[in-house]
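[1] Sequence below, structure please.
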Amino acid sequence: MIVRGPDVTYDELRAGFSWALPERLNIGTACSDAQASTSLALVDLVDGDVREYTFGQLSELSNRFANALAGLGVTPRDRVGVLLPQGLETAVAHLAAYKLGGVVVPLTKLFGADAVRYRLGDSEARVLVTDQETLERLADAVADLTGLKVVVVGDRAPAPHHRWTDLIHRGSARFDPAATGPDDPALLIYTSGTTGAPKGALHGHRVLLGHLPGFELMFDFFPQGGDRMWTPADWAWIGGLLDAVLPSWYHGRPVIAARRARFDPEWAVQLMVDHHVRNAFLPPTSLKLMREADVRHADLALRSVMSGGEPLGAEMLAWGEAHLGVTVNEIYGQTEANLLVGNSASVWPVRAGSMGRPYPGHEVAVLDTDGHPASAGAEGQIACRAPDPVMLLEYWRRPDATAAKFRGQWLLTGDVGTVDEDGYFWFSARDDDVINSAGYRIGPAEIEECIVGHPAVAMAAAVGVPDPVRGSVVKAFVRLGEGHAPSPALEAEIRDRVRGRLAAYSYPREIEFVDDLPLTTTGKIRRLDLRLREEQRRADGGPPDHPDTEEHL
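    You can find the predicted model right below:
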């Protein structure tokens, strides 16, 4: 746990921290059995009902389900797929699999049949826990996987599948957890797969402790009295699971679970008021939708808010302070190594647009082309030094990919950025998102932030598209806010805004107004999809005319 005090400084936090991993560690027992049995653990919102569960109830239910999984043939290190929304059954399935020594494969209900088939097949999952609606939708994909046993949450479980309620009732309330250590595998989360097939990032039980320094600081010295956690992020994402749910339970604090097909800003604010949410992880897309809807509520009682996945920028941070009453702490990480860098407004000043500073326990640097830490302000690849408990153990059965992820002792994030003289990190782009135009390397993030600052714009994405003269030029895809319509005048305003605020070479020479932008399951803009679509469009009919002919070579 982070050492805290009324006047503690960032340097003192880092200097006073060291990892002390225990010989035995199990996420399932740490997040249920080790907590006060009568303390509230979960508030599950189901079809208008509010159902509350204590840590004692989570402990007993997960023991019962661990016995049920053992009865289905699951043994330590076997993979258990969990394809469910936020809720009690998801929590119990996770905790039970960890206690058994199994490896959870989290899956989102947004996945289609091919995505589920690939992940379950590649992981060779022994069991899938899902619900009736999802099983019906993915029946063919499940049928293709011989040897997979399916547990169904709901009233019906057609043969040969097993009904959740029956297994829970039959399982004993006593269970002797596996004697797992920090490096024993616990979690297999598949990456988004922007290039090639998705890769499974395998994490050990240590990953929970690896998240704690950043978690405690990004929520401004969590836990404190009355803290309650909620996030709209899917628990199938490392952000939802390890930036919110599991660390909250490790600290004995309750989590709110709510099922929602699409994020609704008004609903989100009312939920936070009704259920006394003190701490929230709100992804950038959620915050932007809340700003667009101009949501506000006098009875919000938020103490801390975190966001991560895409940079917010100064205007979004200012909106958060005005409408949510807190400084949003942005963080940085990825599936392979999460919560490396971030902010904690109660300890050090937040610099708008910055990713923050390395959290205690993590050594992070920007590497130059020779693999050495770059000087302040020089652009390079963001990397983290191993060993680090938050890092993946390996890519699942991909030794070549695992080796390629590292350069010596440094884990390469694949992200380009800079670090300033005060140790604040600044994101430029994904290595494969950088736009090379007429010799300039242009990161899309600052362009998108600049465009979103226009009062008519709700969301924006910037990508490089082929150009016969410059190699690539910037194209912006813009979704307007309600009440605004596309026009040549608005295009000119956006173009001039970027040219005037950033650089003449980085303004979007092409602008396309769209109704929606493609997002990953974690809420990040899928720039690769937009680039591929543009490449295909040009292959089919050639590029559109540029709106102006001004040259900046």
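
[2] Can you list the low-confidence ranges for the stretch 251-400 of the chain?
    Along the stretch 251-400 of the chain, no part satisfies pLDDT under 70.

[3] which residues in it form strands?
    Assigned by DSSP state E, counting those that start in this stretch, the stretch 251-400 of the chain shows strands spanning 255-258, 279-281, 304-308, 328-334, 337-342, 357-358, 364-367, 380-385, 394-395.

[4] now stretch 115-129, how far from the centre of its chain.
    Mean-position distance between stretch 115-129 and its chain equals 21 Å (Cα atoms, centre = their mean, to the nearest Å).

[5] before we move on, the earlier item: relative to residue 169, which of the strands of the stretch 251-400 of the chain is closest?
    Of all these, strand 255-258 sits nearest to residue 169, with 22.2 Å by Cβ to Cβ. Using the backbone N, CA and C atoms, a C-beta is placed for each residue, glycine as well.

[6] And the protein, what are its domain boundaries?
    The record's domain parsing of the chain by automatic domain parsing lists 60-204, 433-541.

[7] Residue 189 is in contact with residue 198, isn't it?
    No. In this structure, residue 189 is not within contact of residue 198 by Cβ atoms under 8 Å, at 9.7 Å.

[8] What residues of the longest helix along the chain count as buried?
    Counting residues, the longest helix found in the chain (DSSP state H) is helix 55-71. Using 16 or more other Cβ atoms under 10 Å as the test for burial, helix 55-71 gives 55-69.

[9] What lies in contact with that helix?
    28, 31-33, 35-42, 53, 80, 88, 91-93, 95-97, 99-100, 102, 127, 151, 167-175, 177, 249, 252 (Cβ atoms under 8 Å, 6 or more residues apart in numbering).

[10] From the chain's centroid, how far away is the helix or strand following it?
    For helix 55-71, the following helix or strand on the C-terminal side (DSSP states H and E) is strand 79-83. Here strand 79-83 is found 18 Å from its chain centre; the criterion is Cα atoms, centre = their mean.

[11] neighbouring strands for strand 79-83, and are they parallel or not?
    strand 103-107 (parallel), strand 127-131 (parallel) (DSSP bridges).

[12] model confidence over the helix or strand just after that strand, on average?
    Sequence order places helix 88-100 as the next helix or strand after strand 79-83, per DSSP H and E. Averaged across helix 88-100, the pLDDT comes to 98.

[13] Which of the residues in helix 88-100 are classified as buried?
    Buried, per 16+ other Cβ under 10 Å, within helix 88-100: 88-100.

[14] farthest pair in the residues you listed?
    With Cβ to Cβ as the measure, no two of the buried residues of helix 88-100 lie farther apart than 88 and 100, at 18.4 Å.

[15] Please enumerate the helices of the stretch 451-553 of the chain.
    Taking DSSP state H, counting those that start in this stretch as the criterion, the stretch 451-553 of the chain contains helices spanning 488-501, 527-541.

[16] Who are the packing partners of the first one?
    The reference is to helix 488-501. If you count contacts as 3 or more Cβ pairs under 8 Å, 6 or more residues apart in numbering; DSSP states H and E, helix 488-501 packs onto helix 444-452, strand 471-480, strand 510-513.

[17] which stretch among these comes nearest residue 266?
    Nearest of the helices and strands packed on helix 488-501 (Cβ to Cβ): strand 471-480, 19.1 Å.

[18] Buried residues, the closest one. List them.
    Within strand 471-480, the residues scored as buried using 16+ other Cβ under 10 Å are 472, 473, 474, 475, 476, 477, 478, 479, 480.

[19] so what's the second one bridging to?
    Note on residue 473: beta-bridge partners by DSSP bridges are residue 465.

[20] wait, it sits on residue 447?
    No. With contact defined as Cβ under 8 Å, residue 473 does not reach residue 447; the gap is 11.8 Å.

[21] still on that earlier bit, would you list the helices of the stretch 451-553 of the chain in TSV and tack on mean pLDDT, distance to residue 389 and mean neighbour count?
    Converted to TSV, these look like this (pLDDT from 0 to 100; distance: least, Cβ to Cβ, whole Å; neighbours: other Cβ atoms under 10 Å):
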stretch	mean pLDDT	distance to residue 389	mean neighbour count
helix 488-501	90	41	16
helix 527-541	83	31	14
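
[22] Who's the closest spatial neighbour of residue 254, skipping the chain neighbours?
    Of all residues not flanking residue 254 in the chain, residue 40 sits nearest, at 4.4 Å (Cβ to Cβ, 6 or more residues apart in numbering).

[23] typed the wrong thing, it's residue 354
    Per Cβ to Cβ, 6+ apart, closest to residue 354 is residue 424, 4.4 Å.

[24] Counting neighbours, what do you get for the one you found?
    21 (other Cβ atoms under 10 Å).

[25] got it, and residue 315?
    Neighbours of residue 315 (other Cβ under 10 Å): 16.

[26] and it, how far is that from residue 450?
    10 Å (Cβ to Cβ, to the nearest Å).

[27] got it, and residue 227?
    In terms of Cβ to Cβ, residue 227 sits 36 Å off from residue 450.

[28] Could you check which of these two is surrounded by more residues?
    The neighbour comparison of residue 227 against residue 450 (other Cβ under 10 Å) goes to residue 450, with 25 against 20.

[29] so what's that one up against?
    497, 498, 501, 502.

[30] count of residues packed around the residue lying closest to the second one once chain neighbours are set aside?
    Closest residue to residue 498 in three dimensions, ignoring its sequence neighbours and counting by Cβ to Cβ, 6+ apart: residue 507, at 4.1 Å. Residue 507 has 26 neighbouring residues, counting by other Cβ under 10 Å.

[31] I'd say residue 507 and residue 492 touch.
    No. Using Cβ under 8 Å, residue 507 makes no contact with residue 492, being 10.8 Å away.

[32] what about the nearest residue to residue 426 once chain neighbours are set aside, which helix or strand?
    Excluding the flanking residues, the one nearest residue 426 by Cβ to Cβ, 6+ apart is residue 418, at 4.8 Å. Residue 418 is located in strand 410-419, with elements delineated by DSSP H and E.

[33] Now name the helix or strand holding the residue most central in space within the chain.
    Closest to where the C-alpha atoms of the chain average out (Cα atoms, centre = their mean) is residue 239, at 3.3 Å. For residue 239, the host element (DSSP H and E) is helix 238-240.

[34] after that helix comes which helix or strand?
    Counting by DSSP H and E, what follows helix 238-240 is helix 246-250.

[35] if you average pLDDT over that following helix, what comes out?
    The average pLDDT within helix 246-250 is 98.

[36] what's the answer for stretch 39-49, then?
    Rounded mean pLDDT across stretch 39-49 is 96.

[37] Flag every buried residue along that stretch.
    40, 41, 42, 43, 44, 45.

[38] Also stretch 157-177?
    Under 16+ other Cβ under 10 Å, the buried positions of stretch 157-177 are 157, 161, 162, 163, 164, 167, 168, 171, 175, 177.

[39] Please export the alpha-carbon coordinates of it; CSV is fine.
    Output in CSV follows, covering the C-alpha atoms of stretch 157-177 (Å, rounded to 0.1, in the frame of the first residue of the first chain):
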residue,chain,number,x,y,z
ALA,A,157,-29.6,-24.9,-20.3
PRO,A,158,-30.3,-27.2,-23.2
ALA,A,159,-28.3,-30.5,-23.2
PRO,A,160,-25.4,-31.0,-22.9
HIS,A,161,-25.0,-27.7,-21.1
HIS,A,162,-25.1,-27.0,-17.4
ARG,A,163,-27.4,-24.6,-15.6
TRP,A,164,-25.7,-22.1,-13.2
THR,A,165,-28.2,-22.4,-10.4
ASP,A,166,-28.0,-26.2,-10.3
LEU,A,167,-24.2,-26.2,-10.0
ILE,A,168,-24.3,-23.5,-7.3
HIS,A,169,-26.8,-25.4,-5.3
ARG,A,170,-24.9,-28.7,-5.6
GLY,A,171,-21.5,-27.2,-4.8
SER,A,172,-20.2,-27.3,-1.2
ALA,A,173,-19.8,-24.0,0.6
ARG,A,174,-16.3,-25.0,1.7
PHE,A,175,-13.3,-25.0,-0.6
ASP,A,176,-9.6,-25.4,-0.1
PRO,A,177,-8.0,-22.8,-2.5
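
[40] Many thanks, we can stop here.
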